[in-house]
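K.L.:
Give the three-dimensional model of this entry:
(2 chains)
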Amino acid sequence: MSTKPLPEATNFIQSIINQDILDEKVQTIQTRFPPEPNGYLHIGHAKSMFVNFGTAKLYRGKCNLFFDDTNPSKEKEEYVNSIKKDIQWLGYNWQKECYASDFFDKIYQYAIQLIQMNKAYVCNLSPEEIKNTRGTLTEKGQDSPYRTRTVDENLQLFEEMRLGKFKEGSCCLRAKIDMASPNLNLRDPVIYRISYDRHYRTGNKWCIYPMYDFAHPICDYLQNVTHSICTLEFEDHRPLYDWVGITLNFVAKPKQIEFARLGMTNTVMSKRYLKKLVEDGTVHNWDDPRMPTLSGMRNRGIPPEAILDFCQRIGISKSQAECEYSYFEACIREYLNYHAERTNVIVKPLKLTITNYEGEEEVDFDINPMQTDKGKRKRRFSKTIYIEQDDFSIEPPPKYYRLKPNGYVRLKDAYIVRCDGFIQDKMGNVTEVLCTYFKESKSGQDKSGIKTKGVIHWVSEADAMPIELVQYQLLLQDARYEGQDFQERINYNSEQIKKVFAEKYILSLSENTVMQCLRTGYYKIDNHQGKLRLTEVVSLKESFKSK
RNA sequence: UGGGGUGUCGCCAAGCGGUAAGGCACUGGAUUUUGAUUCCAGCAUUCGUAAGUUCGAAUCUUGCCACCCCAGCCA
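P.N.:
Presented below is the predicted three-dimensional model:
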């Protein structure tokens, strides 16, 4: 018996594992993260990774990456590559990289063993006939007429299935359990089926493929998995999972534990929908910044640490939960506020001329006010600068702290200015603001005595450079309870490309990706084909709220 | 409807018979050269509901109620 103290259980999974260790049922913990390579990973998978990799780490155990590739019609190499990339991006390392397809030979042997034990039979009922004889929720099913075939006959037929002598759907291998079971999964489930689709890894070597319910417990066992953690919808499958282990006499039986999958407001998580968005061209690809995929989030500038923090904070339970998106955003903001290097970007530029200023000087600003040891950066201040259009108003609403005619405002890290006038075009749009500055009000050495409530950011003409703005707007209605059609639920507006101004020195940063917190939004600035690009994803729902 | 689950603040979520943690959101107020951040303060006499056991129940028992999952040769 180990004297090592058990990790304190912070969720029900850990309580179960602690008990298993106390009961000496297990020593080292082995888990697995089991995606099917039929799409890209999304934030829901991040929760699964957090549970599987995180649990293994907590107990100083191991976690494998296991590709559940038993359905050749849906799986692709592209997906396994993206999955591996996304896991690494999140910061997890797997112990072994396994594939269900690596175990096909062994799974096949186990099927034969089952037949020899008279626990499985080849059934010639059509899929529709199987459906019709399965019974209903309230009525028991009927035994297949092929249930009583002899072991030798089953062995012979299964071999012929493997050799490709039968058509798809003409027969399958079924476990012989109980057609009267109240659990539908136990009514002689299909465990092997015929498919002539080419498998992306095994090619045409096989034309019979194990079903999830048969392959999964075997693969877990062969990987020495101690705790097979999956989502709630598999709870009904646990008796079947256990049946396989017991019937095949596994020495160490892995324990299946289920937890609630992640649900979030204002977005959809199901791969079916995400795939549809990609296929009908609503988004560019799986990694479009509007997608809730991990690669989409990466392109949107969401740091992996924030995703993991979110998974940590929402907790693991069995209640079907739907987290508010604002919880996730809080995690992102918290991380960015502490880590993001600040820079100044003017999205909608408005020229501001300081009429009584001549020449040029340098002013300092904190690279990150949360971490002053990161130092300061120099920026040029001059007669002509650009401010945000929103930071100037001719007819300001009450409590408007920013620049207005005859009003004062501080230019961050520089001087206080007063608005003396403005120039409009024929349409009445303000094209330029005229100001005077106060020499004694310089940041850090202010002797002017002027108090300003507002502070606005700016970019000087000398430092300004245009960058491409790629702005995606999305309006995601949470229509899960509204029963609307999918198309009505999700309306992605087309992107807008604009010119914005940023400061040149963001080019000189060692990393080409700079995160910035601007008010409550988040942006990503990167170097795209030699040009600076600002990516912004605006939730219309949120922006309505703020107005 | 048979089976399997879940019900603790608007949203997550601790609690596991001794008298309701925490986070998000929200609301006040203080500091502030990002209307950000930070900081204080407020926010469930009550744990789906009704009985019962107990000196004492969110925690145990029983009956109701609500919601989710299952009738793919998908995972």
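K.L.:
in the stretch 351-500 of chain A, what residue is nearest RNA strand B?
P.N.:
residue A:443 (2.9 Å; CB to the nearest atom of the strand). C-betas here are computed from N, CA, C, even on glycine.
K.L.:
Help me confirm that that residue comes into contact with residue A:414.
P.N.:
Yes: Residue A:443 is in contact with residue A:414 according to CB atoms under 8 Å; the separation is 5.8 Å.
K.L.:
quick one on the thing from earlier: mind listing what the residue of the stretch 351-500 of chain A closest to RNA strand B touches?
P.N.:
A:363, A:410, A:412, A:413, A:414, A:415 (CB atoms under 8 Å, 6 or more residues apart in numbering).
K.L.:
who are the neighbours in contact with residue A:123?
P.N.:
Contacts for residue A:123 (CB under 8 Å, 6+ apart) come out as A:130, A:144, A:146, A:147, A:171, A:172, A:173, A:174, A:188, A:190.
K.L.:
Give me the secondary structure label for the residue lying closest to residue A:423 once chain neighbours are set aside.
P.N.:
Nearest residue to residue A:423 in three dimensions, chain neighbours excluded: residue A:432, at 4.3 Å (CB to CB, 6 or more residues apart in numbering). Classification of residue A:432 by DSSP: H, G, I helix; E, B strand; the rest coil places it in strand.
K.L.:
Residue A:432: neighbour count?
P.N.:
By other CB atoms under 10 Å, 14 other residues sit near residue A:432.
K.L.:
Is there a quick PyMOL command that grabs whichever of the contacts of residue A:123 are buried?
P.N.:
In PyMOL syntax, the buried subset of the contacts of residue A:123 is picked out as below (16 or more other CB atoms under 10 Å):
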select buried, chain A and resi 130+144+146+171+172+173+174+188+190
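K.L.:
The contacts of residue A:123: which ones sit near RNA strand B?
P.N.:
The residues of the contacts of residue A:123 that also fall near RNA strand B, by CB under 7 Å from any atom of the strand, are A:130, A:171, A:172, A:190.
K.L.:
hang on, the second one packs against residue A:192?
P.N.:
No: the pair residue A:171 and residue A:192 fails to qualify as a contact (CB under 8 Å) at a distance of 9.6 Å.
K.L.:
all helices in the stretch 151-300 of chain A, in order from the N-terminus.
P.N.:
Using DSSP state H, counting those that start in this stretch, the helices found in the stretch 151-300 of chain A span residues A:151-162, A:212-222, A:238-247, A:271-279, A:294-300.
K.L.:
Over to chain A?
P.N.:
A:12-22, A:43-58, A:77-90, A:104-116, A:127-133, A:151-162, A:212-222, A:238-247, A:271-279, A:294-300, A:304-314, A:325-339, A:486-489, A:540-546 (DSSP state H).
K.L.:
Kindly reformat these as a markdown table containing mean pLDDT.
P.N.:
Shown next, in a markdown table, are those (pLDDT from 0 to 100):
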| stretch | mean pLDDT |
| --- | --- |
| helix A:12-22 | 96 |
| helix A:43-58 | 98 |
| helix A:77-90 | 98 |
| helix A:104-116 | 98 |
| helix A:127-133 | 98 |
| helix A:151-162 | 98 |
| helix A:212-222 | 98 |
| helix A:238-247 | 98 |
| helix A:271-279 | 88 |
| helix A:294-300 | 92 |
| helix A:304-314 | 97 |
| helix A:325-339 | 88 |
| helix A:486-489 | 38 |
| helix A:540-546 | 38 |
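K.L.:
With distance to residue A:260 added, can I get the ones you listed in TSV?
P.N.:
Listed next are the helices of chain A as TSV, based on distance: least, CB to CB, whole Å:
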stretch	distance to residue A:260
helix A:12-22	11
helix A:43-58	9
helix A:77-90	20
helix A:104-116	29
helix A:127-133	29
helix A:151-162	38
helix A:212-222	19
helix A:238-247	15
helix A:271-279	18
helix A:294-300	20
helix A:304-314	10
helix A:325-339	15
helix A:486-489	22
helix A:540-546	25
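K.L.:
Overlap in contacts, residue A:171 and residue A:192.
P.N.:
With CB under 8 Å, 6+ apart, residue A:171 and residue A:192 have common neighbours residue A:161.
K.L.:
residues in the stretch 301-450 of chain A within reach of RNA strand B, list them.
P.N.:
Near RNA strand B, when you scan the stretch 301-450 of chain A using CB under 7 Å from any atom of the strand, you find A:313-324, A:326-327, A:329-330, A:333-334, A:337, A:342, A:369-370, A:399-402, A:410, A:412-413, A:441-444, A:446.
K.L.:
So which of those are in strands?
P.N.:
Taking DSSP state E, the ones among these that sit in strands are residue A:410.
K.L.:
Show me which residues of stretch A:267-276 are buried.
P.N.:
Buried positions in stretch A:267-276, judged by neighbour count with 16+ other CB under 10 Å: A:267, A:268, A:269, A:271, A:274.
K.L.:
okay if I get those residues as JSON lines plus distance to residue A:533?
P.N.:
Output for the buried residues of stretch A:267-276, formatted as JSON lines (distance: CB to CB, whole Å):
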{"residue": "A:267", "distance to residue A:533": "24"}
{"residue": "A:268", "distance to residue A:533": "27"}
{"residue": "A:269", "distance to residue A:533": "28"}
{"residue": "A:271", "distance to residue A:533": "29"}
{"residue": "A:274", "distance to residue A:533": "24"}
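K.L.:
First residue to last residue on stretch A:352-365, what's the distance there?
P.N.:
Terminal residues of stretch A:352-365 lie 20 Å apart, using CA to CA, to the nearest Å.
K.L.:
Run a quick neighbour tally on the residue nearest to residue A:179 when sequence neighbours are not counted.
P.N.:
Distances taken as CB to CB, 6+ apart place residue A:141 nearest to residue A:179, at 4.0 Å, with adjacent residues excluded. Residue A:141 sits with 19 neighbouring residues when counted by other CB under 10 Å.
K.L.:
Quick one: residues contacting the closest residue in space to residue A:236 that isn't next to it in sequence.
P.N.:
Distance criterion CB to CB, 6+ apart; nearest residue to residue A:236, sequence neighbours excluded, is residue A:185 at 5.5 Å. Applying CB under 8 Å, 6+ apart to residue A:185 gives the contacts A:213, A:236, A:237, A:239, A:240.
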